[in-house]
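# quick one, fold the following:
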Amino acid sequence: MAKHRLVLSGIYSPGWDLIFSSKLILAAPKPLSSINRLNSPAPNTCAPITGVASCNDLRAYHDPVTPDGTLGFKQLDLAVEKRWDTGTDLTFKVRADLLNAFNWRNWTSFNTNWGPAGGPMNPTVGSRNGNAILDPTRTFKLSFGFDW
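Numbering: from 1, shown residues only. Now for the predicted structure:
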């Protein structure tokens, strides 16, 4: 879970049965699960002590990695809705949504490898190492509806 998350929303109606709305989401990077083995003995150095050839996890512990960057997630959604009163109990509406309006990429692939047992520390831990993203890129959605 992100340590900090800000969600702002706004709605404005200038009249004429027209409604504009928006939502901005900003969040700090989420810590990623990782195992730190840097304090464990280096490979092939435990046999004289434990009788086991490899003890890479002897001093391993859970050590979350927080990805590089100030913002881990950002998205701006915009919408406009128009309603028409038919003079009866039936109301027709059209809504257009623009999700992720600025087409911001919310990356999900980060290096969580602290380094091999016994060191040295991986200098790229926490940096992006892939192109996978969370949620869709810019998306336009058009909806039609009736209220009665």
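
# does anything pack onto the helix or strand that contains Asp97? Which helices or strands?
Element membership for Asp97 (DSSP states H and E) is strand 91-99. Where contact means 3 or more C-beta pairs under 8 Å, 6 or more residues apart in numbering; DSSP states H and E, strand 91-99 is packed against strand 73-85, strand 139-147. Where you see a C-beta, it was placed from the backbone N, CA and C, and this is true even at glycine.

# so, low pLDDT: which residues of the chain?
Filtered on pLDDT under 70, the chain yields the residue ranges 43-44, 47-54, 56-57.

# which residues touch Pro41?
By C-beta atoms under 8 Å, 6 or more residues apart in numbering, the contact set of Pro41 is Cys55, Asn56, Leu58, Arg59, Ala117, Gly118.

# from those, which is closest to Arg128?
Ala117 (24.9 Å; C-beta to C-beta).

# part of a helix, is the closest one?
No - with DSSP: H, G, I helix; E, B strand; the rest coil as the criterion, Ala117 is coil rather than part of a helix.

# looking at the contacts of Pro41, which one is closest to Val7?
Arg59 (40.8 Å).
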